[in-house]
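[1] Quick one, what's the 3D model for this:
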Amino acid sequence: MKKLAIVTGANKGLGLSVAQQLIHDNYKVILACRDKTKGQQAEKFLGENTKFMELDLSDPKSIDNFSNEISQSYSGVNVLYNNAGLIYQDFNLTEEGFESMIAVNYFGAYRLTLKLLDNLRENKGRMVQVSSLSMYLARKLHLKNLHSKESFSPSSRYNLTNLYRSMFAYELEKRIDSEVSVAIAHPGITKSRQSRPYEVKSIRKSAFTYISTNIATGTEPVLKAIQTKDISAQKTFAPKYFGIYGKPGTMRLNRLAYNDDLRKKLWDHTAEELNLDL
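    Modelled structure (predicted):
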């Protein structure tokens, strides 16, 4: 019987590559994508043992509908890979009044994970949370005025979302039973992101091209996070050399992630904002 994996943002880039490898490893893969057309194209490209399911991480109702359908259709989940996210977006609010990068990258991952915890428990599954080197650029928690345009810049907000995602994964590991394992992985700097305006602007294009890796290489830390037997969310799987290139290794998280009080503060703030807790 095939194991079941859910990959968010699986219609392109890293998500598509991870999904392709999981199929090769005898998983059935749910392609959880916001864009129906692109999701169906990915399903057609990957072939059998995949299923596209619509999921908009900025919309709580979409997350709830998705998780309910998973529960009704499958006996359990082996892997949840929280890959989807927005990068360097201009300021925008969701219908709930949340800034869009916070809503998708962090709140969406938090809500989806908690909604699928029982499904993961059934199969003693694993949640793998994507992160980024940008988490190291965040210096404070910045929970005040989080959804205000006055406090917003695309780069700093993206950095924060990756800090939050890492802290969430680490805190989740401490709060739940051992029947569900938690891991963090980041792919390094992948060439699929070269077209992102703020990223290319902040690093000279020639240098960016030199240090970036291809998608296949960026996939390796994620697969390592999925496959390694004994893991901990106290570190992130990442390319071995400076988190940029090389075979997968592990790196420490942003120092803020090791502060128990800050992790609790972030968790409590999130639970209150979303009215959702363990």
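
[2] residue boundaries of the strands in this structure?
    3-8, 27-33, 50-54, 79-82, 126-130, 181-185, 235-241, 245-252 (DSSP state E).

[3] Adding mean pLDDT as columns, could you present these in CSV?
    Shown next, in CSV, are the strands of the chain (pLDDT from 0 to 100):
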stretch, mean pLDDT
strand 3-8, 98
strand 27-33, 99
strand 50-54, 99
strand 79-82, 99
strand 126-130, 98
strand 181-185, 98
strand 235-241, 92
strand 245-252, 91
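
[4] Turn the ones you listed into a markdown table, columns for distance to Ala169 and mean neighbour count.
    Yep, even glycine has a C-beta here, placed from its N, CA and C like the rest. Formatted as a markdown table, the strands of the chain follow (distance: least, Cβ to Cβ, whole Å; neighbours: other Cβ atoms under 10 Å):
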| stretch | distance to Ala169 | mean neighbour count |
| --- | --- | --- |
| strand 3-8 | 14 | 25 |
| strand 27-33 | 18 | 26 |
| strand 50-54 | 23 | 19 |
| strand 79-82 | 9 | 27 |
| strand 126-130 | 4 | 26 |
| strand 181-185 | 5 | 26 |
| strand 235-241 | 9 | 21 |
| strand 245-252 | 14 | 16 |
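
[5] could you dump those to a markdown table with distance to Glu171?
    Below are the strands of the chain laid out as a markdown table (distance: least, Cβ to Cβ, whole Å):
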| stretch | distance to Glu171 |
| --- | --- |
| strand 3-8 | 20 |
| strand 27-33 | 23 |
| strand 50-54 | 27 |
| strand 79-82 | 14 |
| strand 126-130 | 11 |
| strand 181-185 | 9 |
| strand 235-241 | 14 |
| strand 245-252 | 16 |
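
[6] Only alpha carbons, please: show stretch 257-277 as CSV.
    Output of stretch 257-277 as CSV, limited to C-alpha atoms (Å, rounded to 0.1, in the frame of the first residue of the first chain):
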residue,chain,number,x,y,z
ALA,A,257,13.9,30.3,17.8
TYR,A,258,15.7,28.9,20.9
ASN,A,259,14.1,31.4,23.2
ASP,A,260,11.3,29.4,24.9
ASP,A,261,9.4,32.6,25.9
LEU,A,262,9.5,34.0,22.4
ARG,A,263,8.2,30.8,20.9
LYS,A,264,5.4,30.6,23.4
LYS,A,265,4.6,34.3,22.7
LEU,A,266,4.4,33.6,18.9
TRP,A,267,2.3,30.5,19.4
ASP,A,268,-0.2,32.2,21.8
HIS,A,269,-0.5,35.3,19.5
THR,A,270,-1.2,33.0,16.5
ALA,A,271,-3.7,30.9,18.4
GLU,A,272,-5.6,34.0,19.4
GLU,A,273,-5.5,35.6,15.9
LEU,A,274,-6.8,32.4,14.3
ASN,A,275,-8.9,31.1,17.2
LEU,A,276,-7.2,27.8,16.8
ASP,A,277,-5.0,25.8,19.2
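
[7] Next, the buried residues of it.
    Ala257, Leu262, Arg263, Leu266, Trp267, Thr270, Glu273, Leu274 (16 or more other Cβ atoms under 10 Å).

[8] all helices for the stretch 151-278 of the chain, in order.
    For the stretch 151-278 of the chain, helices defined by DSSP state H, counting those that start in this stretch occupy the ranges 154-175, 197-202, 205-211, 215-227, 260-274.

[9] Mean pLDDT and distance to Lys12 added to those, as TSV?
    Output for these, formatted as TSV (pLDDT from 0 to 100; distance: least, Cβ to Cβ, whole Å):
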stretch	mean pLDDT	distance to Lys12
helix 154-175	97	18
helix 197-202	43	16
helix 205-211	44	19
helix 215-227	91	10
helix 260-274	98	27
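
[10] Out of those helices, flag the one nearest Phe98.
    helix 260-274 (7.6 Å; Cβ to Cβ).

[11] That closest one packs against which elements?
    Here helix 260-274 touches helix 109-115, helix 154-175, going by 3 or more Cβ pairs under 8 Å, 6 or more residues apart in numbering; DSSP states H and E.

[12] export those helices to JSON lines and tack on distance to Ile23 and mean neighbour count?
    Output for those, formatted as JSON lines (distance: least, Cβ to Cβ, whole Å; neighbours: other Cβ under 10 Å):
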{"stretch": "helix 109-115", "distance to Ile23": "21", "mean neighbour count": "22"}
{"stretch": "helix 154-175", "distance to Ile23": "25", "mean neighbour count": "22"}
